[in-house]
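Engineer: Can you look at this prediction? I've put the sequence above it.
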Amino acid sequence: MIKIWNFIKTNITIFLLISLSFVAIYVLEINAKIYINQRIQKYAEMQQEEVYRYFNNENFIEFKIKYKDRLSHLRGPGFARYKDDPPSNLLFSVVRPFSRSNSQNILIQGDSWAQAAQFSQKFLKKVSKKNHAGIIHSGVSSYSPSPMTIQLDILRDDFAIHPSIIIGIIDQTDIGDELFRYTYQQQDKTGRLKSLLPEGTTLSKMTQFLERKNNFNSSKFALVKFFNLGILHIKSRYLNRKVPKSKLGPEILSPLVNGVDIPTTEHFFLRLNRYINTVFADSKMQYLILVTHPYRKHLVDNKVEKRFKGEVGTLVNQIVTESSYKDRIRHIDFLKTEKNKFLSENLETVFKKDDPFSHLTEKMYSDYYYPYIFSKIKDLYN
């Protein structure tokens with residue numbers, strides 16, 4: 001009788017423990033479901049209106065996953081705003097398609113100053129139509145010679161874009177970008193620049209976004225999704241330790257503020273010369289136009305406001321002079337042109353107010369910057 005009673009008690013205990021376990025799992029599942037639904041709602045808020053296609057359209061997601069790892073970053077949601085915008089808009093925009101029948105095929109590369117070609121669409125369309133010239137602009141904010149080098153390889157290899165003239169915008173901050181932002185790089189066995197990340201890493205942000213999205217959309221229990229989310233979070237924290245952080249502000253501007261020392265000069269020479277060699281690796285290439293423009297603090301009265309000591313145009317001029325391709329390179333240096341006086345007299349209206357990176361106003365890009373560049377090379381495409 002005692003054995004039977006003990007057996008009953010044991011089984012009751014097991015039953016109660018199992019029941020409590022199921023209750024606990026049920027409670028955890030309910031709470032996990034609430035949390036997952038909150039996270040899904042948060043992600044849904046990120047995918048509204050104009051950014052919806054950028055974050056949620058499978059074609060845009062695939063495009064970013066394919067190229068972001070190599071290039072560090074692409075253009076933002078503004079280039080995926082309209083229904084007919086293709087994913088390639090995140091890398092380049094076509095004013096007039098390239099063709100063998102064109103007088104010239106002109107590619108504009110560089111950072112935000114090159115991306116500002118979007119403000120000059122009317123002017124560029126007029127130039128391309130009048131001169132039967134193909135024009136594509138591929139400026140991406142914060143690009144410098146290294147990402148420009150990889151981008152050019154991608155444009156040629158994946159999109160059959162083979163310019164005969166390249167307008168390479170070399171910004172003042174390109175010195176700091178090459179020194180701090182694009183410190184870590186990967187090359188293939190031939191020495192060709194492959195990626196702007198340390199060896200053994202992948203750019204995790206976009207990939208992680210897709211992994212989280214797939215986890216949320218799966219048919220698994222909420223509790224399983226919750227644990228998967230934790231694993232993805234730990235994974236992202238580990239990967240992000242390997243991915244170098246972008247250096248902004250004082251670091252990027254320091255070569256301009258303090259002047260450029262010999263190691264920095266040699267570093268920049270190496271990176272820009274690699275870009276130049278990549279440019280002329282294509283037999284279709286005829287001319288490279290390098291463009292530099294001063295910042296506001298290159299033009300101020302040094303007695304009233306401290307002037308920048310470093311200036312990228314000086315370095316570019318030296319590189320061009322020593323290049324084996326110097327006969328096919330032109331350097332448009334706004335600091336050394338007749339525009340210098342105009343800039344000095346209009347400091348407060350030419351540049352965006354309180355912008356440490358001295359971007360021009362949209363009107364100045366459209367009415368002054370790009371028209372002047374094309375006026376200096378019109379003999380090449382007329």
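Structural biologist: Great, that's in hand. Numbers count the residues shown, from 1 in each chain.

Engineer: Low-confidence regions, the stretch 101-250 of the chain specifically.
Structural biologist: 198-210, 212-213, 216, 221-223, 225-226, 229-249 (pLDDT under 70).

Engineer: Can you give me the pLDDT of Y381?
Structural biologist: The model reports Y381 with a pLDDT of 84.

Engineer: show me what contacts the nearest residue to it once chain neighbours are set aside?
Structural biologist: Take Y381 and drop its neighbours on the chain: the residue closest to it by Cβ to Cβ, 6 or more residues apart in numbering is Q104, 4.2 Å away. To be clear about C-beta, it is placed using only N, CA and C from the backbone, and glycine gets the same treatment. Q104 is in contact with 131, 133-134, 164-165, 286, 380-381, counting by Cβ atoms under 8 Å, 6 or more residues apart in numbering.

Engineer: The protein - how does it break down into domains?
Structural biologist: For the chain, the structural domains run 1-45+204-242, 92-201+245-381, going by automatic domain parsing.

Engineer: Now render the contacts of Q104 as CSV, adding neighbour count.
Structural biologist: CSV is the format used below for the contacts of Q104 (neighbours: other Cβ atoms under 10 Å):
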residue, neighbour count
N131, 18
A133, 24
G134, 24
S164, 20
I165, 21
Q286, 14
L380, 18
Y381, 22
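
Engineer: Which members of the residues you listed are the farthest-apart pair?
Structural biologist: N131 and Q286 (14.9 Å; Cβ to Cβ).

Engineer: Point out the most buried one among the domains of the chain.
Structural biologist: Each of the domains of the chain was assessed for mean neighbour count using mean count of other Cβ atoms under 10 Å. The highest is domain 92-201+245-381, with a mean of 18.

Engineer: sorry, back to before: which one of the contacts of Q104 is nearest S358?
Structural biologist: Using Cβ to Cβ, these come closest to S358 at I165, 26.5 Å.

Engineer: unless I'm mixing things up, that closest one is touching K284, no?
Structural biologist: No. I165 is beyond contact range of K284, at 10.1 Å (criterion: Cβ atoms under 8 Å).

Engineer: Excluding chain neighbours, what is closest to Q186?
Structural biologist: That would be S195: by Cβ to Cβ, 6+ apart, it lies 4.2 Å from Q186.

Engineer: who touches that neighbour in this structure?
Structural biologist: 69-70, 150, 185-186.
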